[in-house]
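**Student:** Got a sequence here, can you model it:
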Amino acid sequence: MGWLASPFVRLLPYGPDALLVEVGTLDEVGAVRAGVQAAALPEVVELVPAARTVLVAVRPGAGLDGVRGVLSDVDLAAVPDRGGRSVTLPVRYDGPDLSLVAETAGCSVQDVVSLHSSATYTVAFNGFAPGFGYLTGLPPELQQPRLERPRERVPAGAVGIAGEFTGAYPRPSPGGWRLVGTTDAELFDPRREPPALLQPGDEVRIEVVS
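**Tutor:** Okay, here's the model as predicted:
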């Protein structure tokens, strides 16, 4: 176990061939992810960012010294070069919670559509379900809690907001996010490489469709 350049960061062993990096903020997650990606260590086989952690896994038996060296040089205060692609997500603003979001935000439905669709988002990490990307960049005016009572079934393609995130459900599932729209984008296809349309570090813009 060791400490990096921030008192909020710990390195935790995750079996013999991986390290779990704990950080304090999403920005620090991005800095760690970008730093490890930029180093392009040949032994790294998996890099998994989450809300406050980054899992770095290496080839069995390769050792973790190279990863530790890269992590010791990561500047957590630096704005990371996202290094991702630019993705456009078509969205119809027909969600059942659109009026609730507007009421909670103290604005009109059209204001919600304008604010949500004009923001530039970054995929912070994937989770919950294959292909579900947690997107940061949601305007502060729209940041709201989850529903008090989650839905038993949210349809595939539903676009929602929860806290500081926005995202789209890749397949039908239970869910408690406030739904503002729908996308027809294929968010997860196991036959595609990579299967998930949205990858950590990608920049996402929304195209309003009717």
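
**Student:** Could you use CA atoms for every contact and neighbour count after this?
**Tutor:** Fine.

**Student:** The residue in the chain sticking out farthest from the centre - nearest residue in space that isn't next to it in sequence?
**Tutor:** With distances taken as C-alpha atoms, centre = their mean, the residue sitting farthest from the centre of the chain turns out to be G61, at 30.2 Å. Nearest residue to G61 in three dimensions, chain neighbours excluded: D17, at 6.9 Å (C-alpha to C-alpha, 6 or more residues apart in numbering).

**Student:** pLDDT at that neighbour, what is it?
**Tutor:** D17 carries a pLDDT value of 96.

**Student:** Quick one: mean pLDDT for stretch 141-158?
**Tutor:** With pLDDT averaged residue by residue, stretch 141-158 scores 97.

**Student:** For the residue nearest to G61, grab the count of nearby residues.
**Tutor:** 17 (other C-alpha atoms under 10 Å).

**Student:** tell me the phi and psi of it?
**Tutor:** Note on D17: its backbone torsions stand at phi -130, psi 30 [degrees, to the nearest 10].

**Student:** Could you double-check that it lies in contact with G63?
**Tutor:** Yes: taking C-alpha atoms under 8 Å as the definition, D17 is a contact partner of G63 at 6.6 Å.

**Student:** what's the average pLDDT for the longest helix seen in the chain?
**Tutor:** Looking only at the chain and at elements set by DSSP state H, the helix with the highest residue count is helix 26-39. On average, the pLDDT along helix 26-39 is 90.

**Student:** what helices or strands is that helix leaning on?
**Tutor:** Using 3 or more C-alpha pairs under 8 Å, 6 or more residues apart in numbering; DSSP states H and E, the elements in contact with helix 26-39 are strand 44-49, strand 53-58, helix 65-72.

**Student:** Pull out the buried residues from the last one.
**Tutor:** Spelled out, that is helix 65-72. Applying a neighbour-count criterion of 16 or more other C-alpha atoms under 10 Å, the buried positions in helix 65-72 are 67, 70-71.

**Student:** Domain map for the chain?
**Tutor:** Dividing the chain into domains by automatic domain parsing, as the record does, gives the ranges 2-72, 86-208.

**Student:** before we move on, the earlier item: among the buried residues of helix 65-72, which one lies nearest to R10?
**Tutor:** The shortest gap between R10 and any of those belongs to L71, at 10.7 Å (C-alpha to C-alpha).

**Student:** my guess is the closest one contacts V36, does it?
**Tutor:** Yes: using C-alpha under 8 Å, L71 and V36 qualify as a contacting pair, with a distance of 7.2 Å.

**Student:** which regions of the protein sit below the pLDDT cut-off?
**Tutor:** Across the chain, the ranges flagged by pLDDT under 70 are 1-9, 79-83.

**Student:** Go again with 50.
**Tutor:** Scanning the chain for pLDDT under 50 picks out the ranges 1-8.

**Student:** can you map out the helices along it?
**Tutor:** With DSSP H as the criterion, the chain has helices spanning 26-39, 65-72, 98-105, 109-118.
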